[in-house]
Structure formats: structure tokens, C-alpha cells
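J.: Generate coordinates for the sequence data below:
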Amino acid sequence: MIAYALPLLIAGLAGITNETIDRVLLKYLLPNTETASSELGLYGAFYKLSIIMILFIQTFRFAAEPFFFAQKNSTNSKKIYADVMKYFTIITAIVFLIATVFYDLIKQFLGSNYHDERGFLVVSILLLANLFLGIYHNLSVWYKLTDKTRYGMYFSILGAALTIALNWYFIPLIGFMASAYTTVVAYGTMMLISYFYGQKYYQIPYNVSRISMYLLLATSGALVSFYFFRSNYGVNSIIFLAFMGLTLLLEQKELKAILGRNKK
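T.: Here you go, the predicted model:
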């Protein structure tokens, strides 16, 4: 148990570094104390709005990990893991799209800090970064089921190293935007490396093309909304409903099959 769990402990410590070190570095690397305090306050406010994705991911993990282990010996376990990944991506993409296309509406109910023009970009990047983190946690099933937890440690340490190095270099140049970009780079790198190693040691038939399509559509919808229809909630609602409609159209057959099985 120690051999299995110790790498996960180290991975957890590296994960904490990934989540918190940016605020520490912002305090010390921004040009002067007054600027640092102001920028740190703004970044902290934007980060809070991305907590909605983090809360969803943590809730999912508490339920998913016992489920993954329970399914290990079933005949279609890998198909189940692939389906969970797809629907997890769909749901988190919906959360991402809601928070981005309706950002200007949401910020009206929040403090004045959220009215900074950089808010949308930072919140969008952090939401996407945490979506990548959620996918990474889904992918982690391979090294937990094969007792190769050391890979989880390696991936988390790599993410922490990227977080520290990129923040250290770019914060003096572009301020807290560096922390947002660094977060998405670190989590995206961890996600991709885990996927490729997982396909080598415990191949799961993820529907990569469909998952990538949902991520691309959600990101495109957010960008179109912000740059062309900002605060136009009618058009933004159409963008959101179009994403939902397309998702239901593409997944209706499988969803009916799942619902049919559950009724039995």
C-alpha cells in the first residue's frame, strides 16, 4: 500500500503547488508593492469564479474513482471508462459555455472587481484549464488500475515545474495574465502526456474526435460571443442552445440506450 500510495501523496503535493503557487509568485514578482496588491486582488477575484469548475470536478472524483475500481473486472470496463470521459467532457463544456457566454450578466451580481476588462479572458482561461484538469483526473484511471501510480507523480511534478518556471519568467512581463496562461499550459500538458502514456499501458477507446469537437465548439462559442455579441443575451442564448441541441442530436441514440437500461 505504501508503494502504491506514496507517489499519489507526492502528486497531491505537486498538485497543491499547481493550484496555489501563482498567487505567491504574483506577490513577489510584480513591479511594486502597490501594483502587486491590486493585481493579486483582481486575479484572486477572477480565480474565485473558476471555482465552479473545480467544485464540479472534485464532486465527480469522489463518485468516479470508486466506480472506476468497481468496474475494473467487468467485460466492458474500458467502454464504460470511455463513455464516462465523453459525458464528463460534455457536462464541463456546458459549464464552461454558460460561465463565458453569460459572463457579463453574471458579473453584475458580483463585486466591482469582476468589471475589469481582463476578467472575461482570465476566467475563460482558468475555466478551460480546470476542464483540462478534470479530463486529466479521468485519464488517471489507467495508472491507478495498473499500479503505476509513479506516473501520476511524474506528471504532477512536471506540471508544477512548468507552473513555477513559466510564472517566474512571464509575470514580470505581462502580470497576472501569465498565471492564467501558465495554468492552462500546465494542465493541458499533463492531460496530453497522461493520455499518450495511458494508451501505451492501458488502452481505452476514448472517442477523441468527438471529445475534441465538443471542446472546440464550446471554446469557439465563447469567443464568438465575447468578440461579436457581447452582452447580447438573446444571441448568446442561441449559441448555448445550439451547442446543447447539437450535443443531444449526436448523443441521442446512446442516451436512449443508457436510459433504457436504467429503466430495467
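J.: Please, which helix or strand holds the most centrally placed residue in the chain?
T.: Nearest to the mean C-alpha position of the chain, by CA atoms, centre = their mean, lies Leu131 at 1.6 Å. In this structure, Leu131 sits in helix 119-139 according to DSSP states H and E.
J.: Just the C-alpha atoms of that helix, please, in PDB.
T.: The C-alpha coordinates for helix 119-139 follow below in PDB (Å, rounded to 0.1, in the frame of the first residue of the first chain):
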ATOM      1  CA  GLY A 119     -11.900  39.400 -16.400                       C
ATOM      2  CA  PHE A 120     -13.500  37.500 -19.200                       C
ATOM      3  CA  LEU A 121     -10.200  36.400 -20.700                       C
ATOM      4  CA  VAL A 122      -8.800  35.300 -17.300                       C
ATOM      5  CA  VAL A 123     -11.900  33.500 -16.200                       C
ATOM      6  CA  SER A 124     -12.300  31.800 -19.600                       C
ATOM      7  CA  ILE A 125      -8.700  30.600 -19.500                       C
ATOM      8  CA  LEU A 126      -8.900  29.300 -15.900                       C
ATOM      9  CA  LEU A 127     -12.200  27.500 -16.600                       C
ATOM     10  CA  LEU A 128     -10.600  25.800 -19.600                       C
ATOM     11  CA  ALA A 129      -7.500  25.000 -17.600                       C
ATOM     12  CA  ASN A 130      -9.600  23.300 -14.900                       C
ATOM     13  CA  LEU A 131     -11.600  21.500 -17.600                       C
ATOM     14  CA  PHE A 132      -8.300  20.000 -18.800                       C
ATOM     15  CA  LEU A 133      -7.500  19.100 -15.200                       C
ATOM     16  CA  GLY A 134     -10.800  17.300 -14.900                       C
ATOM     17  CA  ILE A 135     -10.000  15.300 -18.100                       C
ATOM     18  CA  TYR A 136      -6.600  14.500 -16.600                       C
ATOM     19  CA  HIS A 137      -8.300  13.100 -13.500                       C
ATOM     20  CA  ASN A 138     -10.400  11.000 -15.800                       C
ATOM     21  CA  LEU A 139      -7.300   9.700 -17.600                       C
END
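J.: what's it packed up against?
T.: Counting contacts by 3 or more CB pairs under 8 Å, 6 or more residues apart in numbering; DSSP states H and E, helix 119-139 packs against helix 33-49, helix 51-70, helix 77-101, helix 103-106, helix 177-201, helix 208-228. Every C-beta, even on glycine, is put in place using the N, C-alpha and C of the backbone.
J.: Return the alpha-carbon coordinates of the second one using CSV.
T.: Provided in CSV are the C-alpha atoms of helix 51-70 (Å, rounded to 0.1, in the frame of the first residue of the first chain):
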residue,chain,number,x,y,z
ILE,A,51,-14.1,27.6,-8.6
ILE,A,52,-17.4,26.4,-10.0
MET,A,53,-15.5,24.1,-12.4
ILE,A,54,-13.2,23.0,-9.6
LEU,A,55,-16.1,22.1,-7.3
PHE,A,56,-17.7,20.1,-10.1
ILE,A,57,-14.5,18.2,-10.7
GLN,A,58,-14.0,17.4,-7.0
THR,A,59,-17.5,16.2,-6.7
PHE,A,60,-17.1,14.0,-9.7
ARG,A,61,-13.8,12.5,-8.4
PHE,A,62,-15.4,11.4,-5.1
ALA,A,63,-18.0,9.4,-7.0
ALA,A,64,-16.0,8.3,-10.1
GLU,A,65,-12.9,6.8,-8.5
PRO,A,66,-14.7,4.1,-6.5
PHE,A,67,-16.9,3.5,-9.6
PHE,A,68,-13.8,3.0,-11.8
PHE,A,69,-12.3,0.4,-9.4
ALA,A,70,-15.6,-1.4,-9.1
